[in-house]
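> Mind looking at a prediction? Sequence and model below.
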Amino acid sequence: LAPCIVGYWVTDHFHQIDPLVLVWIGLTAAIVSAACNRFIVWSLAFTVASICAGGSYFLQFSASRKPDEQWLAMPIREIDLSFEVIRMFESKDSGGKISGIGEIQDAPFIRRDLISKRIYFQLHHQEAHPFVKGMIFRARGLLKPRVKSSKKGFESFLDHAGATYSFTRGSICETVKHPSRFSLLCMGISKRMESTLRLGGDGRETLSNVSIAMMLGEKSALQDERKERYVSAGVMHLFAISGLHVGVIAAFIAFLLRLLPVSRFLQAFLGLTCLFVYVQVTGGSPSAMRAFIMVAFWWGALLSGRPGASLPAVAFAAFVTLLLDPLQLWDLGFQLSYSVVTAIILYGSPLATRLQATWEPWPYIPLEDRSLFQRWSTVVWKWFASAFSVSFAATVASSPLVLQHFEVFTPGAVLLNVFLVFLAGMVI
């Protein structure tokens, strides 16, 4: 995984590298690693081959997304396109506009080079049905090549999402492909859950709005002022469907399935199926899908009889994610997800074990002779040591990224998340 990431990074920063040079160097290193028996030489050659393989794959992937240079100097014109929705953005626009990221499926004959390119779209619509990922629209608007931005923010996010064109100042003409029955089912469940969570609410920023944001990932239910407070407090992650939500749901499903007299493989199949439905009900965000992939590989490690192989499972999940979409390497959510999980595995769990072994309440009193208060105190201390260790490891891993992108540092979040994550888990 690490050599492939290095290959991605090198080819992204040095675009002038010839792919054929990488291929020949990679093949030479692969032959050397296969023919050599010395470990040092083999490991060095294998690392070089992996870096070259990752770089070549990234160059090929990014080349397919770049705009054709012969069209860059042409004036911007109106065009009819058919595109598939890859991701929808939350919008409070009352003018009937929707925005998101799409992938072009059909274009005029003279612009067949646009097919499979990604676009950022912001278009007017008059459709009554909801818009979800997977739908295909035919629209008319202005197509403009995007210039890669060196600044942080939304433009940088679009660069890393692979959006090479912007498609704006137009409208949707027709819906080519409507939502599937499964998508409609998930949307119906989501609406039912939202209406249930709103019971007793007064339409303002109440507990129901917070519950909707926490359970369904609908951050648009929160007021902007509240969002800023949550970001400053370091608890905004509670309102993004990610590892916390998916992990809690997975643990709850696994607990229920253990009560059924079925095989472990059937438990895994049923558990992952239910978990996938929950991810789609909450919108199928990239962070939720990353968490689902991690849980799937973790469950596979348990089935293979290797419950301690958490780190290899996470590494393989990251490798598969980057293989499907190399541009996710520069996505902040990807960096936070895998850095936090890796820190918890490598540092959080050992720290919890060390804290619990360093001090224990009433160590000289046998467990059977302890009072109810003493037993509960021991349980609470072990829980606090584990929760604090996980929170501390997650904060250490995420703080540099959060500080770089949001210019916010919240050391108090270490203790705050100990209790808030526990409460959020109970709510979920």
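The structure has been received and is ready for your questions.
> measure Ala254 to Cys274 for me?
Distance, Ala254 to Cys274, using CB to CB, to the nearest Å: 10 Å. Every residue, glycine included, has its C-beta placed from N, CA and C.
> And Thr11, how far from Leu22?
From Thr11 to Leu22 the distance is 8 Å (CB to CB).
> Give me the more crowded residue out of the two.
Thr11 (25 against 22; other CB atoms under 10 Å).
> still on that earlier bit, now do the shared contacts for Thr11 and Leu22.
Taking CB atoms under 8 Å, 6 or more residues apart in numbering as the contact rule, Thr11 and Leu22 both touch Gly55, Ser56, Leu59.
> Tell me which helix or strand the last one sits in.
What it means is Leu59. Following DSSP states H and E, one finds Leu59 within helix 39-63.
> what's that helix in contact with?
For helix 39-63, contacts defined as CB under 8 Å, 6+ apart pick out 3-8, 10-12, 17, 19, 22-23, 25-27, 29-30, 32-33, 36, 323, 326-327.
> Out of the residues you listed, which end up buried?
Buried residues within the contacts of helix 39-63, counting neighbours by 16 or more other CB atoms under 10 Å: 3-5, 7-8, 10-12, 19, 22, 25-26, 29-30, 32-33, 326-327.
> Tell me which residues touch the closest residue to Phe121 other than its chain neighbours, please.
In this structure, Phe121 finds its nearest non-sequential neighbour in Phe167, 4.3 Å apart by CB to CB, 6 or more residues apart in numbering. By CB under 8 Å, 6+ apart, the contact list for Phe167 reads 81, 83, 102, 119-123, 139, 141-144.
> Quick check: phi and psi at Phe167.
Note on Phe167: backbone dihedrals following degrees, to the nearest 10 are phi -120, psi 100.
> Begin at 180, not 1, for the rest of this chat.
Done: numbering now begins at 180, and the last item shifts to Phe346.
> What separation do you get for it and Asp504?
20 Å.
> likewise Ser568?
With distances taken as CB to CB, Ser568 is found 32 Å from Asp504.
> With just CA atoms, put the helix or strand containing Val189 into PDB.
Assigned by DSSP H and E, Val189 belongs to helix 181-192. Extracted as PDB, the C-alpha positions of helix 181-192 are listed here (Å, rounded to 0.1, in the frame of the first residue of the first chain):
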ATOM      1  CA  ALA A 181       2.700   2.500   1.000                       C
ATOM      2  CA  PRO A 182       4.800   2.200  -2.300                       C
ATOM      3  CA  CYS A 183       1.600   2.600  -4.400                       C
ATOM      4  CA  ILE A 184       0.700   5.800  -2.400                       C
ATOM      5  CA  VAL A 185       4.300   7.100  -3.000                       C
ATOM      6  CA  GLY A 186       3.800   6.300  -6.700                       C
ATOM      7  CA  TYR A 187       0.500   8.200  -6.800                       C
ATOM      8  CA  TRP A 188       2.100  11.200  -5.100                       C
ATOM      9  CA  VAL A 189       5.200  11.400  -7.200                       C
ATOM     10  CA  THR A 190       3.300  11.200 -10.500                       C
ATOM     11  CA  ASP A 191       0.800  13.800  -9.300                       C
ATOM     12  CA  HIS A 192       3.500  16.300  -8.500                       C
END
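> Mean confidence (pLDDT) on it, please.
Computed over helix 181-192, the mean pLDDT rounds to 78.
> likewise stretch 233-245?
According to the model, stretch 233-245 has a mean pLDDT of 75.
> ok, now stretch 213-226?
Stretch 213-226 comes out at a mean pLDDT of 75.
> cool, stretch 571-583 as well?
Mean per-residue pLDDT for stretch 571-583: 81.
> What of stretch 421-435?
Rounded to a whole number, the mean pLDDT of stretch 421-435 is 80.
> Tell me how far it lies from the chain's centre.
How far stretch 421-435 lies from its chain's middle: 16 Å, per CA atoms, centre = their mean, to the nearest Å.
> Correct me if wrong: Ile472 contacts Ala496.
Yes - taking contacts as CB atoms under 8 Å, Ile472 lies within contact range of Ala496: 4.7 Å.
> Quick check: buried residues in the helix or strand hosting Glu334?
Under the criterion of DSSP H and E, Glu334 resides in helix 333-339. Buried residues in helix 333-339, counted by 16+ other CB under 10 Å: Glu334, Ser335, Phe336, Leu337, Asp338.
> And these, which is closest to Glu547?
Nearest to Glu547 among the buried residues of helix 333-339 is Phe336, at 57.8 Å by CB to CB.
> Tell me the spacing between that closest one and Gln249.
28 Å.
> Contact partners for the residue nearest to Thr574 when sequence neighbours are not counted?
Leaving aside its sequence neighbours, Thr574 sits nearest to Val593 (CB to CB, 6+ apart; 4.9 Å). Neighbouring residues of Val593 by CB under 8 Å, 6+ apart: Phe567, Ser570, Phe571, Thr574.
> at 10 Å what do you get?
Gly413, Phe567, Ser570, Phe571, Ala572, Ala573, Thr574, Val575, Ser578 (CB atoms under 10 Å, 6 or more residues apart in numbering).
> So Val441 belongs to a helix, correct?
No - judged by DSSP: H, G, I helix; E, B strand; the rest coil, Val441 forms no part of a helix; its state is coil.
> doesn't Leu435 make contact with it?
No - using CB atoms under 10 Å, Val441 and Leu435 do not qualify as a contacting pair, with a distance of 11.5 Å.
> what do those two both touch?
Leu449.
> Can you pull up the most central residue in the chain?
Centroid check for the chain by CA atoms, centre = their mean gives Ser466 as the closest residue, at 2.2 Å.
> Nearest residue to that residue in space, please, no chain neighbours.
The nearest residue in space to Ser466 (CB to CB, 6+ apart) is Ser421, at 4.2 Å.
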